[in-house]
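Q: Model the following, please.
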Amino acid sequence: MANSFPFSLLLLFLLSLLHPLSTGTAQPTSPPFPASVPPTRHSISAVFAFGDSTLDAGNNNHLPNPTFVLADHPPYGLDFPRGISTGRFSNGRLITDSLVAALGLKDSLPAFLAGDLTPLDLLTGVSFASAGSGLEDLTATQSGVMTVAEQLSNFAAYLGRFNGTAAAAAPVIRNALFIVGAGSNDMMMNFYCVHSGGVPRPSP
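A: I've put the predicted structure just below:
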């Protein structure tokens, strides 16, 4: 049976942020940035998203290996500012884009793997989601996208940019909103299609 990634592991990972990161954490890809959170109209200072296409803001456009799960072409983005296909599986904004705008953080929630992020972008939150992913690893691997574990690995790399310690990231994480959107691909691509793990296909 393919390994699944239960929500309990996600919760344990988030709780572990109270302790310093281990030396094995992925190295930052750019210089550390200060944990200085700009004031907002609300207590939430950042938004972080994990999951599938419902929250992917374009991470799949920047994966090291090619995948067919892409939204980098029309009609995607038709109603997005300037009509650009950004990798969002939508003609316009995602729910997380509307959320950060309503919170007064920024206009939209960018993809973590995008190469044009500013320190302010990172401080106010990013999306780690990968379209085609699911709670079960097989769902993501058969589509060539990021598993939830890999998304959390990127989150660990993000934390490593706060001088390598979770304590330095605490001002951001403590007041952040974490959103997870996943599960539908596990049903569509495993239960109904490849019925992984010995789960029988439902009778017609």
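
Q: gap between stretch 80-97 and the chain center?
A: The chain centre lies 15 Å from the centre of stretch 80-97; the measure is Cα atoms, centre = their mean, to the nearest Å.

Q: repeat for stretch 75-91
A: 18 Å.

Q: Then stretch 118-135?
A: On the basis of Cα atoms, centre = their mean, stretch 118-135 sits 4 Å off its chain's mean C-alpha point.

Q: Grab the CA positions of it and hand them over as PDB.
A: Output of stretch 118-135 as PDB, limited to C-alpha atoms (Å, rounded to 0.1, in the frame of the first residue of the first chain):
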ATOM      1  CA  THR A 118      10.600  39.800  -2.500                       C
ATOM      2  CA  PRO A 119      11.400  39.700   1.200                       C
ATOM      3  CA  LEU A 120       8.000  41.200   1.900                       C
ATOM      4  CA  ASP A 121       6.300  38.500  -0.300                       C
ATOM      5  CA  LEU A 122       7.900  35.900   1.900                       C
ATOM      6  CA  LEU A 123       7.200  37.600   5.200                       C
ATOM      7  CA  THR A 124       3.400  37.800   4.400                       C
ATOM      8  CA  GLY A 125       3.100  34.300   3.100                       C
ATOM      9  CA  VAL A 126       3.400  32.100   0.100                       C
ATOM     10  CA  SER A 127       1.800  29.000  -1.400                       C
ATOM     11  CA  PHE A 128       3.700  25.700  -1.300                       C
ATOM     12  CA  ALA A 129       0.800  23.800  -3.000                       C
ATOM     13  CA  SER A 130       1.300  21.700  -6.100                       C
ATOM     14  CA  ALA A 131      -1.500  20.900  -8.500                       C
ATOM     15  CA  GLY A 132      -2.100  17.200  -8.900                       C
ATOM     16  CA  SER A 133      -0.900  16.400  -5.400                       C
ATOM     17  CA  GLY A 134      -2.700  14.600  -2.700                       C
ATOM     18  CA  LEU A 135      -2.400  13.200   0.800                       C
END
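
Q: Could I get the buried residue list for it?
A: Neighbour counts over stretch 118-135 (16 or more other Cβ atoms under 10 Å) mark 121-135 as buried. Yep, even glycine has a C-beta here, placed from its N, CA and C like the rest.

Q: Stretch 88-100 now?
A: So, applying 16+ other Cβ under 10 Å, buried residues of stretch 88-100: Arg88, Phe89, Ser90, Arg93, Leu94, Thr96, Asp97, Leu99, Val100.

Q: For this protein, give me the ranges with low pLDDT.
A: 1-42, 164-166, 189-204 (pLDDT under 70).

Q: Strands along that one, start to end?
A: 46-51, 176-181 (DSSP state E).

Q: most neighbours per residue, which of the ones you listed?
A: Mean neighbour count (mean count of other Cβ atoms under 10 Å) peaks for strand 46-51 among the strands of the chain, with a mean of 24.
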